[in-house]
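[1] Would you be able to build a 3D model of this:
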Amino acid sequence: GGVVVCIEPIPPTHAALKANLKWIQQHQEANGLPLAQLYAESCGISDGSIREAEFTFYTGAAGWSTMYPDDAEVQEAVLSYVMDALPSGRGLERNPLTWIGQQLAATNNSLADAVIRVLTRQKVASMLASQEKVRCEVRTVSEVIAQHGLQQVDLLKVDVERAELQVLRGIAPNDWPRIKQVVMEVHDIEGRLQEVSDLLRDQGFSRITTDQPGAMKGSSLWNLFAVR
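    Modelled structure (predicted):
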């Protein structure tokens, strides 16, 4: 049972989200599982200061799509991930480029390391170059809560590629007590991780944990978990 509300502003990704939710509902019905109410809203989320926004949609890497593009940060984050993952291949697509990278990494010398970094940056640059600009409606978390008549939000999950503070600032004071847990990816640029933590603490979240997975060590990406 329960209610799950998903937000996705990019049309092709929203279409994939709707297809996934339809499959989940069919699976629930076929297996006699309690039916959850699943919703896919076609919009972005911000602080209420704007009603429409331009998003950069990376057609070759939809997960990087954002209101706030930062190619340099993406380059560094992907490089950190690749350098950590190459020895085992864990999480990397199996293709000739990955194989070459693994062979170079196995030599364990500075020249090979430099070649890996150049190849990775070139690959990421080509993925970032494949992009489209998309304009869409922008709402606030509180507007979504009101739209669906939610009395309680057991979990608020936020992964918005540098718009973390805007999302949190769009939560009205009377809606904060409804939210029991928050899970976020935070891009720690100009002290944003501390700012997000302080905001959540001010709203009554007493247990806040931040974690940077091994593959992201040295990058700006952090996971944050907050519980009342």
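[2] name the helices or strands packed onto whichever strand in the chain runs longest?
    Among the segments of the chain that qualify as a strand by DSSP state E, the longest is strand 131-139. On a contact count with 3 or more Cβ pairs under 8 Å, 6 or more residues apart in numbering; DSSP states H and E, strand 131-139 meets strand 44-45, strand 52-58. In short, each C-beta sits where N, CA and C put it, glycine included.
[3] Switch those strands over to a markdown table; also include mean pLDDT.
    Shown next, in a markdown table, are those (pLDDT from 0 to 100):
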| stretch | mean pLDDT |
| --- | --- |
| strand 44-45 | 98 |
| strand 52-58 | 96 |
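[4] Ranking those strands by mean neighbour count, which comes first?
    strand 44-45 (a mean of 25; mean count of other Cβ atoms under 10 Å).
[5] Please name the strands paired to that one in the sheet, noting orientation.
    With DSSP bridges as the test, strand 44-45 is paired with strand 131-139 (parallel).
[6] Pull out the buried residues from the strand it pairs with.
    Applying a neighbour-count criterion of 16 or more other Cβ atoms under 10 Å, one finds 131, 134, 136, 138-139 buried in strand 131-139.
[7] Now render the helices and strands packed on strand 131-139 as JSON lines, adding distance to residue 170.
    Shown next, in JSON lines, are those (distance: least, Cβ to Cβ, whole Å):
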{"stretch": "strand 44-45", "distance to residue 170": "7"}
{"stretch": "strand 52-58", "distance to residue 170": "12"}
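[8] Looking at the ones you listed, which is nearest to residue 158?
    When the helices and strands packed on strand 131-139 are compared by Cβ to Cβ, strand 44-45 sits nearest residue 158, at 8.3 Å.
[9] would residue 193 count as being in a strand?
    No - counting by DSSP: H, G, I helix; E, B strand; the rest coil, residue 193 falls outside a strand, being helix.
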